[in-house]
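Chemist: I'll drop the sequence and a predicted model, then ask my questions.
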Amino acid sequence: MIELLQIEKVYQGAGAAVHAIKGIDLSVRRGEIYGVIGKSGAGKSTLIRCINMLERPTGGRVMVDGQDLTIMSERQLREARKQMGMIFQHFNLLSSRTVYDNIAFPLELAGKSRAEIEQEVAPLLDLVGLTDKRDQYPAQLSGGQKQRVGIARALANRPKVLLCDEATSALDPQTTKSILELLKDINRKLQLTIVLITHEMQVIKEICDKVAVIENGVIIEQGPVLDIFTKPQSSTTREFISAIINHDIPAIFADTAFSPTPLPDSTLVIRLSFIGDSAEEPVIAGLIRRFNVDANIIYGNVDHIQSTPYGTLVIEISGEPQGIENALNYLQARKLGIEVIGYVTRHDRAAG
Ligand SMILES: Nc1ncnc2c1ncn2[C@@H]1O[C@H](COP(=O)(O)OP(=O)(O)OP(=O)(O)O)[C@@H](O)[C@H]1O
């Protein structure tokens, strides 16, 4: 549905030029919810604004539904933009217009009649749960209600894509949850493709199918949310995830020197990630029974990414060297995420 190919964006200001986006490729399938996460200044806003050409990339191509937006005239672009609704952190509602008239605004611009507008707006009010607020003004609404108006307005032209620019960043956690649920709901009901940018991993965890991590104008990691959460590759990604899942080495190992290979009289510390049904399997019990080793759980956590259960366990396996190797091979042969943290001698372990 959306293909970004080698997108570049250089801002030429009065001072030095800012290279905000450096050769980004991104592919979003129809019906997908794709999240882009990054720290302040990483280039998120620039990137999402390149998708609807609010910001013109200085290089690369933007393909939406098979059309190349970068070669369009302003007139063609105005037409193409109708396929893409957008919502904003600070809602950007017109304060002098009622809820109804805010949602009606894009339809008025499109030259629709009063009757046509009523026919379109009424179901949108219903969809976002604001039918009883239709005649109120933005100042009379809560933040969550304002964003619902923003969503309804963004959907007025029946777009295929919804772009969300930090849409929940100004909202409290409870309201954030309800807005994310609404986005998920319209994604399903309307087969809408959603691209969102955020600096909160919780948002990605709640509703996204895929995620890209952006840093200094470059995508440093991308893939299905479950994969990125259970096998983060970069320190930035780990940092984002650590807000929700603890991927750090437990504190008791803080000063421990780990060896990548077995040492005389050492134990093995590993991190296991479970996804889906295997989260329920009694893996540790099996390990102890089969290989005559001991497994000491140092850290454990079970959570859900949307409806999929996943867990992380840090365990220390001790026993005869051959038993430990057999246990590791057994775990690696199963559909579990395994990360070998390292071998540690019992002596170091006691000191740590
Ligand atoms: N209009 C502009 N002119 C010059 N530089 C800009 C402009 N807009 C953004 N930048 C610069 O481009 C870089 C990326 O900014 P951008 O707003 O895309 O990041 P962001 O990840 O959305 O950050 P935030 O979360 O703080 O909004 C930053 O260095 C920023 O200062």
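Modeler: Ah, there it is. Numbers count the residues shown, from 1 in each chain.
Chemist: wait, what's in contact with the closest residue in space to A243 that isn't next to it in sequence?
Modeler: Among residues not flanking A243 along the chain, M201 sits closest, at 5.3 Å (C-beta to C-beta, 6 or more residues apart in numbering). To be clear about C-beta, it is placed using only N, CA and C from the backbone, and glycine gets the same treatment. Contacts were defined as C-beta atoms under 8 Å, 6 or more residues apart in numbering; by that measure M201 touches I37, F240, I241, A243, I244.
Chemist: and which of those residues is nearest to A333?
Modeler: Taking C-beta to C-beta as the measure, I241 is the one of those closest to A333, at 26.3 Å.
Chemist: Around that closest one, how many other residues sit close by?
Modeler: Other residues lying near I241 total 20 when counted by other C-beta atoms under 10 Å.
Chemist: Distance check, it against the ligand.
Modeler: Per C-beta to the nearest ligand atom, to the nearest Å, I241 is found 18 Å from the ligand.
Chemist: list the contacts for that residue?
Modeler: Taking C-beta under 8 Å, 6+ apart as the contact definition, I241 lies against M201, I228, F229, P232, H247.
Chemist: Can you name the residues that contact the second one?
Modeler: With contacts defined as C-beta under 8 Å, 6+ apart, the neighbours of I228 are V211, V213, E221, Q222, T237, I241.
Chemist: For the stretch 1-150 of the chain, just list every one of the helices.
Modeler: Remark: helices assigned in the stretch 1-150 of the chain by DSSP state H, counting those that start in this stretch are 44-51, 74-81, 99-109, 114-127, 143-155.
Chemist: if we compare those, which one ends up closest to the ligand?
Modeler: Each of those was scored for nearness to the ligand using C-beta to the nearest ligand atom, and the closest is helix 44-51 (3.2 Å).
Chemist: ok so, going back, of the contacts of M201, closest to L125?
Modeler: For the contacts of M201, the residue nearest L125 by C-beta to C-beta is I37; the value is 31.7 Å.
Chemist: which ones are touching the closest one?
Modeler: Residues counted as contacts of I37 (C-beta under 8 Å, 6+ apart) are K44, I197, T198, H199, E200, M201, I204, V211, A212, V213, I214, F240.
Chemist: Likewise for I186?
Modeler: Taking C-beta under 8 Å, 6+ apart as the criterion, I186 is in contact with L127, I151, L155, L162, L192.
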